[in-house]
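>>> I would like the atomic coordinates for the input below:
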Amino acid sequence: MKLAVVGSINMDMTVTAERIPHKGETLRGDSISYIPGGKGANQAVAMAKLGAQVEMFGCVGEDGNGQKLLENLKKAGVRTEHVKVLREVPTGIAMITVAENDNTIIVVPGANGKVDRAYIDEIKPVLETYDMVVLQHEIPLDTVHYVVNFCAEKKIQVVLNPAPAAEVPMEVIEKVTYVTPNEHEAVLIFGDGQPTEELLKKYPEKLIITQGSRGVAACLKSGEVLNVPARPAKVKDTTGAGDTLNGAFCVRRAMGDDLKTALAYANTAASLSTEKFGAQAGMPTAEEVSQEMRRRTS
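Model (predicted):
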């Protein structure tokens, strides 16, 4: 199955520190690294490292960061023929602070903000040759919804990871195949008046809520609520863990796994990713995930 990602491509400027600073406070950092990132690119790399055939669609600037990011995607096995290189628009940047087994992130969209309807119109003939399209919220929301509508018309499966948090029209929720918010994002989309279990039952095998160290929850069409626990990890860096989970889930569903099996695999992959530094650098291979799953069941 061919997978496409329409989303962001960023350079992550990552600083490590003893702890995350408070408002108005200055701390001394331990190190700084420039690491390929962006939720779209992260998910594409996660899929490629797990053995999928995947292409990235998006925009970068005609600058050093853009060149490095394209080279990195190609090296990971991600196709980039239709990534648009823009003049006089910088490549997107994410400024990340890593401390206390957590992180804070500020994103400057740059070229990601130019992933617009006109760009989508250019790539539609290519996009409709793919079996599954994966989206996030680091490109304009209007574009995300435009792609969802196009895919619905063409009967292409769509996975929407609604991060960073933003409101999503219910008509978009109805059209996507899967929507994968965390708990905070789920409240913003669906409101906080419904218990998680009731919400999951309303969208069986569509809504998947990630819960950090508590794992991930979903509901089967039978009405059974799944709570798939997270694998305990020796955490070094949580950056990209959610992207790894989404990428791994898409790969395994595309390969025919049932929902429970796909989520267990995705949880394992996400957990392994936190044990290394860097979003994409920490993402595991298919063999590493399979080996860990065999170890845990032996």
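>>> make it CA atoms for all contacts and neighbour counts henceforth
Noted.
>>> beyond the strand or helix carrying Val147, next helix or strand please.
Taking DSSP states H and E as the criterion, the element that holds Val147 is helix 141-154. Where DSSP H and E defines the elements, the next helix or strand beyond helix 141-154 is strand 157-160.
>>> average model confidence for that following strand?
In this model, strand 157-160 has a mean pLDDT of 98.
>>> CA atoms only: put it into PDB for me.
Extracted C-alpha coordinates of strand 157-160, given in PDB (Å, rounded to 0.1, in the frame of the first residue of the first chain):
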ATOM      1  CA  GLN A 157      -8.300   6.700   3.300                       C
ATOM      2  CA  VAL A 158      -7.300   9.700   5.500                       C
ATOM      3  CA  VAL A 159      -5.600   9.800   8.900                       C
ATOM      4  CA  LEU A 160      -5.900  13.100  10.600                       C
END
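>>> past that strand, which element shows up next along the chain?
Downstream of strand 157-160, the next assigned helix or strand under DSSP H and E is helix 170-175.
>>> Pro181 is in contact with Lys206, correct?
No - judged on CA atoms under 8 Å, Lys206 makes no contact with Pro181 at a distance of 11.0 Å.
>>> what's the end-to-end length of stretch 153-168?
19 Å (CA to CA, to the nearest Å).
>>> quick one: buried residues of it?
For stretch 153-168, a neighbour-count test (16 or more other CA atoms under 10 Å) marks Ile156, Gln157, Val158, Val159, Leu160, Asn161, Pro162, Ala163, Ala165, Val168 as buried.
>>> ok, residues contacting that stretch?
Contact with stretch 153-168 is made by 128, 130-138, 148, 151, 176-181, 184-185, 188-189, 246, 250, as judged by CA atoms under 8 Å, 6 or more residues apart in numbering.
>>> mind doing that once more with 7 Å?
128, 131-138, 148, 176-181, 185, 188-189 (CA atoms under 7 Å, 6 or more residues apart in numbering).
>>> which single one of the buried residues of stretch 153-168 is nearest to Ser33?
Nearest to Ser33, judged by CA to CA, of the buried residues of stretch 153-168 is Ala163 at 23.4 Å.
>>> list the contacts of Glu55.
Applying CA under 7 Å, 6+ apart, the residues near Glu55 are Leu3, Ala4, Val5, Val78, Arg79, Thr80.
>>> among those, which lie within strands?
When DSSP state E is applied, the contacts of Glu55 are split such that Leu3, Ala4, Val5 fall in strands.
>>> ranking the residues you listed by neighbours, who comes first?
Val5 (29 neighbours; other CA atoms under 10 Å).
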